[in-house]
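Trainee: how does the following fold in three dimensions:
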Amino acid sequence: MWQTQNNQLYRKFEFQDFKSAFAFMTHVAALAEKQNHHPTWRNAYNVVEIWLCTHDAGYTITEKDWELAKGIDGVKEASFSTFHSKQSSEQHVHSALFGVAVGDALGVPVEFTRRTDLEQNPVTDMRGFGTYNLPSGTWSDDSSLTFCLAEALCLGFDIDQIGETFVKWYYKDYWTASGHVFDIGIGTREALYRIKHGTKAELAGGTDEDANGNGSLMRILPLVFAIKDLPIKERFNRTKQVSSITHGHIRSVMACFYYLEFARQIIEGRGKFEIYENLQKMLPSFFAEMGIEPSEIVHFDRILKANITDLPLSEIRSGGYVIETIEACIWCLLTTNNYKDAVLKAVNLGHDTDTTAAVTGGLAGMFYGFDAILSKWVDALARKGDIQDLVQRLSKSF
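Mentor: All right, here's what the predicted structure looks like:
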């Protein structure tokens, strides 16, 4: 999004690598020559910053600047569409599942650690032991339930099957990193107990306002591959069904839906700031159309009305509340330029480190691609081969 700064238009663009950034600059240079209006710019690796103003009009913003800005946006959109159009279904699934798992594993050893403590000893690489005294590369319930959802979706969309797969994880250690469940949220545990004792999966999640933990958001990402081609109301309804297995309050459903819509537009090849703006234009009216009360929609104002990137670190919270997690995820994604920085920034927010980094890692993985995730982090993951097999099976299902 273009911003007005000191009588200039300003925007920062980011790309997969230097080669892509340079190609973008080459196209912009040709456009500027054609319009006979030239930008001031700066390039550092995969980041290009551009300033526009009209010198012969007294260094102010004129229609010529807005016209060039529009043209530059078109160049950028074309460059993202080209990159993502080359990504196969399997590549999207690959980057999503490994993106979640790597972020999760980075956060597990420091879960519940205070932000002030991490400022003194920040996470900069994959660690072992720590909070749960488990080896490096161990992922938690965030990834386990993500993989369980993906596993169930390989057989088609069946809400009861999804619920039973979650139950199998908790009670039979299915899709665990090391053979046992070592972390589970209160709301999720209670919901899975209800399913085990006969409650329909879609009705098992808590619906009270205080039941808005991040336990459905953390594992919702695979659903995007099953619903991406459906009409928006059907996408919302299926999101509601899957969230409600463990978290049935509308606020949790909305957070999941926002997250999946962001992921869906990544698949479509859009830039992350473009997606952010698109969702601000689209979702408030859609939520109202779905009969959601304004008193609920207002909880999303910091991502649906404001520019969350303007907020300082001190304004970003990272506990287990679903609003905190979706805000932290988007803030980390939009204020960094690569997968590594996004997930490390999420971990070093402290508190619910594994979930914040898993949720951030899912979108960052999809946006930057699997190759952007450090290979040493991928290689350190528990059950890497099983995750890869799941990627292949899920990608063949949709």
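
Trainee: the stretch 201-350 of the chain: helices as residue ranges?
Mentor: Along the stretch 201-350 of the chain, counting by DSSP state H, counting those that start in this stretch, helices occupy 223-227, 232-243, 250-267, 272-289, 294-297, 301-304, 322-334, 339-347.

Trainee: among these, which comes closest to A29?
Mentor: Closest approach to A29 among the helices of the stretch 201-350 of the chain (C-beta to C-beta): helix 272-289, 21.9 Å. To be clear about C-beta, it is placed using only N, CA and C from the backbone, and glycine gets the same treatment.

Trainee: in that closest one, what counts as buried?
Mentor: K272, F273, E274, I275, Y276, N278, L279, Q280, L283, P284, F286, F287 (16 or more other C-beta atoms under 10 Å).

Trainee: what's in contact with it?
Mentor: Helix 272-289 is contacted from outside by 1, 77, 80, 232, 236, 254, 257-258, 261-262, 265-266, 270, 294, 296-297, 300, 303-305, 330, 333-334, 367, using C-beta atoms under 8 Å, 6 or more residues apart in numbering.

Trainee: for that helix, the distance to its chain's centre please.
Mentor: 15 Å (C-alpha atoms, centre = their mean, to the nearest Å).

Trainee: what mean pLDDT does it get?
Mentor: For helix 272-289, the mean pLDDT works out to 96.

Trainee: just the C-alphas of that helix, formatted as CSV.
Mentor: C-alpha atoms of helix 272-289 as CSV (Å, rounded to 0.1, in the frame of the first residue of the first chain):
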residue,chain,number,x,y,z
LYS,A,272,0.8,-9.9,1.2
PHE,A,273,0.0,-6.2,1.5
GLU,A,274,-2.5,-6.5,-1.4
ILE,A,275,-4.2,-9.4,0.5
TYR,A,276,-4.3,-7.4,3.7
GLU,A,277,-6.0,-4.5,1.9
ASN,A,278,-8.4,-6.9,0.0
LEU,A,279,-9.5,-8.5,3.3
GLN,A,280,-10.1,-5.0,4.8
LYS,A,281,-12.4,-4.2,1.9
MET,A,282,-14.2,-7.5,1.8
LEU,A,283,-14.6,-9.1,5.2
PRO,A,284,-16.4,-6.4,7.3
SER,A,285,-19.3,-6.3,4.9
PHE,A,286,-19.3,-10.1,4.5
PHE,A,287,-19.4,-10.7,8.2
ALA,A,288,-22.3,-8.3,8.5
GLU,A,289,-24.1,-10.0,5.7
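
Trainee: per-domain residue ranges of the chain.
Mentor: 3-85, 89-397 (automatic domain parsing).

Trainee: low-confidence ranges in this protein?
Mentor: By pLDDT under 70, the low-scoring segments of the chain are 16, 77-86.

Trainee: looking at it, which residue lies furthest from center?
Mentor: The outermost residue of the chain relative to its centre, with distances by C-alpha atoms, centre = their mean, is D56 at 43.4 Å.

Trainee: hang on, isn't N337 packed against A44?
Mentor: No: N337 lies out of contact with A44 (C-beta atoms under 8 Å); the separation is 9.2 Å.

Trainee: before we move on, the earlier item: distance to T360 added to the buried residues of helix 272-289, as TSV?
Mentor: Formatted as TSV, the buried residues of helix 272-289 follow (distance: C-beta to C-beta, whole Å):
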residue	distance to T360
K272	12
F273	16
E274	19
I275	15
Y276	14
N278	20
L279	16
Q280	19
L283	20
P284	23
F286	24
F287	23
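
Trainee: any chance of a ChimeraX selection covering the buried ones in the contacts of helix 272-289?
Mentor: To isolate the buried ones among the contacts of helix 272-289 in ChimeraX, judged by 16+ other C-beta under 10 Å, type:
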select :80,232,236,254,257,258,261,262,265,266,270,297,300,303,304,330,333,334,367
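
Trainee: quick one: E234 from L260, how far?
Mentor: 12 Å (C-beta to C-beta, to the nearest Å).

Trainee: joint contacts of those two?
Mentor: Residues touching both E234 and L260 (C-beta under 8 Å, 6+ apart) are I227.

Trainee: more neighbours, those two?
Mentor: Legend: neighbour count by other C-beta atoms under 10 Å for E234 and L260, higher for L260 (26 against 11).

Trainee: tell me the contacts of the more buried one?
Mentor: By C-beta under 8 Å, 6+ apart, L260 lies in contact with I220, L221, L223, V224, I227, R235, T239.

Trainee: could you rerun that using 10 Å?
Mentor: Residues near L260 by C-beta atoms under 10 Å, 6 or more residues apart in numbering: 217, 220-228, 235-236, 238-239, 242-243.

Trainee: identify the farthest-apart pair in those.
Mentor: Between any two of the contacts of L260, the greatest separation by C-beta to C-beta is 17.8 Å, found for L217 and K228.

Trainee: compare the two (neighbour count), which wins?
Mentor: When L217 is set against K228 and neighbours are counted by other C-beta under 10 Å, the residue ahead is L217, at 29 against 18.

Trainee: quick check: the more buried one touching T325?
Mentor: Yes: here L217 lies in contact with T325, judged by C-beta atoms under 10 Å, at a distance of 5.8 Å.

Trainee: what residues do these two have in common as contacts?
Mentor: Contact with both L217 and T325 is made by residues A255, Y259, T355, A358, V359, according to C-beta under 10 Å, 6+ apart.

Trainee: quick one on the thing from earlier: who has more neighbours, N337 and A44?
Mentor: It is N337, of N337 and A44, that has more neighbours when counted by other C-beta under 10 Å, with 16 against 10.

Trainee: okay, how far is it across stretch 103-121, tip to tip?
Mentor: Stretch 103-121 has its terminal residues 18 Å apart, counting by C-alpha to C-alpha, to the nearest Å.

Trainee: quick check: buried residues in that stretch?
Mentor: For stretch 103-121, the neighbour count (16+ other C-beta under 10 Å) marks G103, D104, A105, L106, G107, V108, P109, V110, E111, T113, R115, L118 as buried.
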